[in-house]
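Visitor: whatever this is, show me its structure:
(one chain, ligands or ions: 1)
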Amino acid sequence: MRRVGAVAALAVGAYLATCLVFHWSEPRVDFGDVPENPLSESLPPGFLWGVATAAHQIEGGNVWNDWARFEAEPGNIRNGERSGRASDHWNRKAEDVALIGALGANAYRFSIEWSRVEPIEGEGSEEAWAWYEDLVSRLRAAGVTPMVTLLHFTLPAWLADRGGLTADDFPEAFARFAAEAGRRLGAEVDLWCTLNEPNVQMYQGYVEGIWPPGVRDPAQAAEAFAGTVRAHAAAAEALRAEDPGARIGLAVNNIVFDPASRWSLLDWIAADQADAGFNWAHYDSIAAGRVRFDLAGFPSIDEPLEALLGSADWVGINYYRRNMVRFDPGAPGLVELRPGPGTLSDSGIEIYPEGLLRLLRRIWKRYELPVYVTENGVADATDGLRADFLRSHAYAVARALDEGIPVHGYFHWSLIDNFEWSEGFEPRFGLYRVDYESLERSPTRGAEEFRRLAPK
Ligand code: IFM
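Guide: Prediction:
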């Protein structure tokens, strides 16, 4: 009996010790008080202090892509909204470039709407390309460095019709588009982002099925993952051929996954799985030169692809949130995700600036590549959170720089309010508020804070 007791005590001890090992595997971050001017002494010369947008969310009039069709089906978008004229950026380019200047930003990340420059397969639109060429020239004239994203969720309808991310020739078609972008814009653009949040596009489209193509199928999800990795490699190769000076990367949505209970080993394991599958699978594939997907519940993929090696000159973090992970045998995917315990934004996600520092440390340790915070922002319709949000996340960047992590830039999401995908127009992420009736832009308190923090 005594022996059984001793074995039980040992088992419990080993269990608790394993939990503690997990707990100590990453040093905690104590943020303390955020200084008034967190960036003043930390910024290296050439640091990009910018804002970000995406074509479909702001331009208006994008009718040639998969999202336009998806929005037309009842029930897909909150309140039945459609992107329609969005923030009318297509007709307000000059005004919006002036807003970027007024913020004191020295960089702007935007995306090219593929379906707009190639509405019919193989037939480019000169008018659409000219619009983007003019945008880049205006930015350069204003002293603003462009970062160009090639794919920010929307796919041309002609590609979506034959499988989108899972189409056999997706990488090839995407590389042709990338080459054309390089030919047209390469003289004035150095910074290229092949894909925006391929992990989110795959998850929402093929696991949750709440974005195009509205599928819930692990086998297709794994194929979609592989498609995005191959497409990144093909586009990077094509871009370099056109624009040898190109600095190429991609932007992955990175979430901090913490266990709901630090004394539950199953929660730790579930959090670890979520972290590996969601946060790092794309970058791990690039670093290994292999398309690799190995996540419980999905078919595994592991195939060599040499073009991946060296395809990223930098890595991008889109940071918004922390999730607490609870192992739940009854839940889909065996996990339940909840927001962390801090203040919640209008999107119901925790505002957790320490998380940005934690992720910057981890991404640097894993890949040792220059890092950009390619997106970071908050849905805040009443404008009560944005200024503090900005300052505390800028502080995370400053701390990372002080620790020697090569963060080359920060892009706030977003310049102006915009169409937030299946959430419609309700979430307001803009430094400038858009009145969707008059389309007038007006600065939020966040805009003032952004300008105050801007490198002088
Ligand atoms: O609006 C999105 C953007 O398209 C991708 N990153 C997250 C943003 C806010 O949810």
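
Visitor: list the contacts for Val291?
Guide: For Val291, the contacting residues are 226, 229-230, 285, 301-303, 305, 308, by CB atoms under 8 Å, 6 or more residues apart in numbering. The way it works is simple: take the backbone N, C-alpha and C, and place the C-beta from them, glycine included.

Visitor: select only the buried ones of the residues you listed in ChimeraX?
Guide: Selecting only the buried members of the contacts of Val291 in ChimeraX, with burial defined as 16 or more other CB atoms under 10 Å, works like this:
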select :226,229,230,285,301,305,308
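
Visitor: which one is whatever residue of the stretch 1-150 of the chain ends up closest to the ligand nearest to, not counting chain neighbours?
Guide: Using CB to the nearest ligand atom, Ala54 is the residue of the stretch 1-150 of the chain that sits closest to the ligand, at 5.0 Å. The shortest distance from Ala54 to any non-neighbouring residue, by CB to CB, 6 or more residues apart in numbering, is to His152 (3.9 Å).

Visitor: element containing Gly316, please.
Guide: Taking DSSP states H and E as the definition, one finds Gly316 inside strand 314-327.

Visitor: tell me the strands beside the next helix or strand after that strand, with direction?
Guide: Once the chain leaves strand 314-327, the next helix or strand it forms, by DSSP H and E, is strand 335-339. Sheet pairing of strand 335-339 (DSSP bridges) gives strand 314-327 (antiparallel).

Visitor: and the partner strand, average pLDDT?
Guide: Across strand 314-327, pLDDT averages out at 98.

Visitor: can you pull the contacts of Asp88?
Guide: Residues near Asp88 by CB under 8 Å, 6+ apart: 60, 439.

Visitor: and with 10 Å instead?
Guide: 58-61, 95-96, 416, 434, 436, 439 (CB atoms under 10 Å, 6 or more residues apart in numbering).

Visitor: related to what we said a few turns ago, isn't the residue nearest to Ala54 up against Glu59?
Guide: No: applying CB atoms under 10 Å as the test, His152 and Glu59 come out as separate, 11.2 Å apart.

Visitor: picking up where we left off before, now the contacts of Val291 as TSV including secondary structure and distance to Arg428?
Guide: Output for the contacts of Val291, formatted as TSV (DSSP: H, G, I helix; E, B strand; the rest coil; distance: CB to CB, whole Å):
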residue	secondary structure	distance to Arg428
Ala226	helix	36
Val229	helix	33
Arg230	helix	36
Ser285	helix	35
Ile301	strand	39
Asp302	strand	42
Glu303	strand	43
Leu305	coil	40
Leu308	helix	38
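
Visitor: so which of the contacts of Val291 is the closest to the ligand?
Guide: Within the contacts of Val291, proximity to the ligand (CB to the nearest ligand atom) peaks at Val229, which comes in at 18.9 Å.

Visitor: quick one: the closest one and Ser285 touch, right?
Guide: Yes: if you go by CB under 10 Å, Val229 and Ser285 touch, sitting 4.9 Å apart.

Visitor: okay, and the common contacts of these two?
Guide: Counting by CB under 10 Å, 6+ apart, the residues touching both Val229 and Ser285 are 291-293, 301, 303, 305, 308, 311.

Visitor: who's in contact with the residue nearest to Ala54?
Guide: When contacts are counted by CB under 10 Å, 6+ apart, His152 touches 52-57, 109-114, 193, 195-197, 201, 251.

Visitor: how close does it sit to the ligand?
Guide: Separation of His152 from the ligand (CB to the nearest ligand atom, to the nearest Å) stands at 6 Å.

Visitor: and the pLDDT at that residue?
Guide: If you check His152, the pLDDT there is 99.

Visitor: now do the SS call for the nearest residue to Leu390 once chain neighbours are set aside.
Guide: Leaving aside its chain neighbours, Leu390 sits nearest to Glu449 (5.0 Å; criterion: CB to CB, 6+ apart). Here Glu449 is helix, with the state taken from DSSP: H, G, I helix; E, B strand; the rest coil.

Visitor: so how far is the ligand from Glu449?
Guide: Distance, Glu449 to the ligand, using CB to the nearest ligand atom: 19 Å.

Visitor: who's in contact with that residue?
Guide: For Glu449, the contact set (CB under 10 Å, 6+ apart) comprises 386-391, 394, 412, 431.

Visitor: and those residues, which of them are in helices?
Guide: Mapping these onto helices (DSSP state H) picks out 386-391, 394.

Visitor: just the buried residues of those residues.
Guide: For these, a burial check counting by 16+ other CB under 10 Å picks out 386-391, 394.

Visitor: who does the lowest-mean-pLDDT helix or strand in the chain touch, helix- and strand-wise?
Guide: Averaged element by element with mean pLDDT, DSSP states H and E, the chain has its least confident helix or strand at helix 2-24 (a mean of 89). Under the contact criterion of 3 or more CB pairs under 10 Å, 6 or more residues apart in numbering; DSSP states H and E, helix 2-24 touches strand 247-259, helix 265-274.

Visitor: weakest of these by average pLDDT?
Guide: Lowest mean pLDDT of the helices and strands packed on helix 2-24: helix 265-274, a mean of 95.

Visitor: surely the residue of the stretch 1-150 of the chain closest to the ligand meets Glu113?
Guide: Yes: using CB under 10 Å, Ala54 is in contact with Glu113, at 8.7 Å.

Visitor: common neighbours of the two, please.
Guide: Common neighbours of Ala54 and Glu113, using CB under 10 Å, 6+ apart, are 151-152, 154.
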